[in-house]
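Asks: Please work out how this folds:
(one chain, ligands or ions: 2)
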Amino acid sequence: MTTLYDLVEGEEGIILKIKGRGQFRQRLSEMGFVIGKKVSVIKKAPLRDPVEYRIMGYHISLRNSEAQLIEVERGNKSKEFPSSNGVLVSEDENGSWIEKSKNIQVALVGNPNSGKTTLFNYASGSKERVGNYPGVTVESKESNYRQSGYDFSIIDLPGTYSIKSYSPEELFIRNYIFDNKPDIVVNIVDASNLERNLYLTTQLIDMGVQIVIALNMYDELKRRGDILDHIALGRLLGVPVIPTVSSKGKGIRELFEKIIEVYESRDPLVRHIHINYGTEIENSISALQSKIKIEENRVFTNIISARYLAIELLENDKEYSENISRCVNSSEIIEIAKKESRRLEKLYSDPIETVITDLRYGFISGALKETLKVNKIERVRKSKLIDNYLTNRYLGIPIFVFFMWLTFFTTFKLGGYPKYWIESGIAKLSSLTSTILPDGLFKDFLIDGILGGVGGVIVFLPNIIILFLFISFMEDTGYMARAVFIMDKLMHKMGLHGRSFIPM
Ligand code: GDP
Ligand code: MG
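Replies: Ligands and ions are numbered 1, 2, ... in the order given. The predicted structure is shown next:
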């Protein structure tokens, strides 16, 4: 991938894509940096930064940090192209240039078990592991998908409830978003658990990234008899919401059509909203924002919104304090952040982090009050009834022990029979072979090598099949997740999380 920064003096390039936050892209396109336009490098400053460029007949200087956010293709065949501003069109003779600019990077972000991997698998036709217990996706996986002439690079990120730096997963996701700057973040929201899932959405909104919400598990929502006006919810959030049932592949086409629309800035619903944190906190935010937003800190604010940095600073996020330390006026910023945090904490007599969390949930419940009608006749769900026993204080562990006993009993006792048959079958086969074949190297090879070797492994096959049958049955029914819950305390005593019971 070539960026404008890579071009040398005198070289020309065609703009393919502009990365960074909406505001930054807006500013650049106002200056004439539009997809498909030719730009040439006039000269680099003595210290090689900034660099003077010519675009549409004007001369403009850009910092290197800004030029790095502009993807170009070397050459000067300026072709008009269905750009973000909707300007059309005359095609490149060989089409290769258009291909490149029609690549959309999509990152999947959502709570654990919201169906990210299921969606990823469906779209990419791959078979990554899905499971309904936490910690299945521990790293990002990338894959490709094509629709309506666009190429999507899809990244399946680990599941997370929040984007602060508490856990390695959270840090990973945040850094991924800021370092790789995906074109669109698809926020997978579990429709049957809206309130908790939308918390992450509020953080993504604060980050100022381009979002499309996949309202997954829509079948669950309908089954419960709840009614959600997802269009109105989208309007409130400023983010399009597309219902999906990714386990059945429903709504995926529509989701990707929407991604294209948002990428091309064609969706009128998209707007960047500010979640209002109340007069006092907002005052603190703007005090910080005005210090962060100075010209010299553009390197950061082109990528991360000053508002987001300010909120995170107030929340006392360590990672962000580190990031802030790279701002030219960092000590001043941190000083103000400390002062404002203290002021707010005195005012609310609560850690400011908790206050902001509460306000986020307040915003969500307000939005849901207007859009979600919960079915009043709350049927006691069968699964809840069963749960009363499976995770019961007294019965939970005996039931768990019973299941484990059943698993291993069946594996070894029941598996013992086919094991015995295989063993005796192989023994018969070897004695038969030894009577038929003349003594010699070949006979030894056949009996001791092939039959002995393969036989020695194959006898365990029945045990393995039965064990894995049990494991996948427990995973698919959701018992594994209960087992994690039951075992958590015990595993904790060994310094492990409950989920490590499964690999153990
Ligand atoms: P991840 O942790 O976000 O990657 O979630 P997974 O993709 O592993 O999915 C968790 C579970 O939810 C799996 O058992 C899926 O089969 C199931 N699932 C995924 N999407 C849907 C959906 O739209 N409806 C229903 N009912 N189940 C789903
Ligand atoms: Mg997953």
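
Asks: Can you tell me the closest non-neighbouring residue to Gly75?
Replies: In space, not counting the residues next to it along the chain, Gly75 is nearest to Ile14; the distance is 6.3 Å by CB to CB, 6 or more residues apart in numbering. (Glycine included, C-beta is placed from N, CA and C.)

Asks: now swap in Asn76 and tell me
Replies: The spatially closest residue to Asn76, leaving aside those adjacent along the chain, is Glu12, at 4.2 Å (CB to CB, 6+ apart).

Asks: Enumerate every residue touching the one residue in the stretch 201-350 of the chain that gets nearest to ligand 2.
Replies: When you check the stretch 201-350 of the chain against ligand 2 by CB to the ion, the closest residue turns out to be Ser246, at 11.1 Å. Ser246 makes contact with Gly115, Thr118, Leu119, Tyr122, Ile188, Ala214, Asn216, Ile252, according to CB atoms under 8 Å, 6 or more residues apart in numbering.

Asks: so the last one sits right up against Thr244, yeah?
Replies: Yes: under the criterion of CB atoms under 8 Å, Ile252 lies in contact with Thr244, with a separation of 6.2 Å.

Asks: more neighbours, the two?
Replies: Set Ile252 next to Thr244 and count neighbours by other CB atoms under 10 Å: Thr244 wins out with 29 against 19.

Asks: How confident was the prediction at the more buried one?
Replies: Reported pLDDT at Thr244 in the predicted model: 96.

Asks: how close does it sit to Gly115?
Replies: Distance, Thr244 to Gly115, by CB to CB, to the nearest Å: 8 Å.

Asks: Can you pull the residues that touch both of those two?
Replies: Both Thr244 and Gly115 are in contact with Asn216, where contact means CB under 8 Å, 6+ apart.

Asks: helices and strands of this protein: which one bottoms out on pLDDT?
Replies: One helix or strand of the chain scores below all others by mean pLDDT, DSSP states H and E: helix 96-101, with a mean of 51.

Asks: Show the subsequent helix or strand relative to it.
Replies: From helix 96-101 onward toward the C-terminus, using DSSP states H and E, the following helix or strand is strand 103-110.

Asks: Identify the residues contacting Arg482.
Replies: Contacts were defined as CB under 8 Å, 6+ apart; by that measure Arg482 touches Asp387, Leu390, Thr391, Gly396.

Asks: What are the buried residues along the helix or strand containing it?
Replies: With secondary structure defined by DSSP H and E, Arg482 is part of helix 479-493. For helix 479-493, a neighbour-count test (16 or more other CB atoms under 10 Å) marks Tyr479, Met480, Ala481, Arg482, Ala483, Val484, Phe485, Ile486, Met487, Asp488, Met491 as buried.

Asks: any weak-confidence spans in the stretch 301-450 of the chain?
Replies: Regions of the stretch 301-450 of the chain meeting the criterion pLDDT under 70 cover residues 317-323, 377-381, 383.

Asks: Strands along that one, start to end?
Replies: Counting by DSSP state E, counting those that start in this stretch, residue ranges of the strands within the stretch 301-450 of the chain are 372-373.

Asks: Could I get the full set of helices for it?
Replies: Read by DSSP state H, counting those that start in this stretch, the stretch 301-450 of the chain holds these helices, from start to end of the chain: 306-314, 318-324, 330-348, 352-371, 382-390, 396-409, 415-436, 441-444.

Asks: With distance to ligand 1 added, can I get those in CSV?
Replies: Formatted as CSV, the entries for these read as follows, by distance: least, CB to the nearest ligand atom, whole Å:
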stretch, distance to ligand 1
helix 306-314, 24
helix 318-324, 24
helix 330-348, 34
helix 352-371, 20
helix 382-390, 12
helix 396-409, 19
helix 415-436, 27
helix 441-444, 50
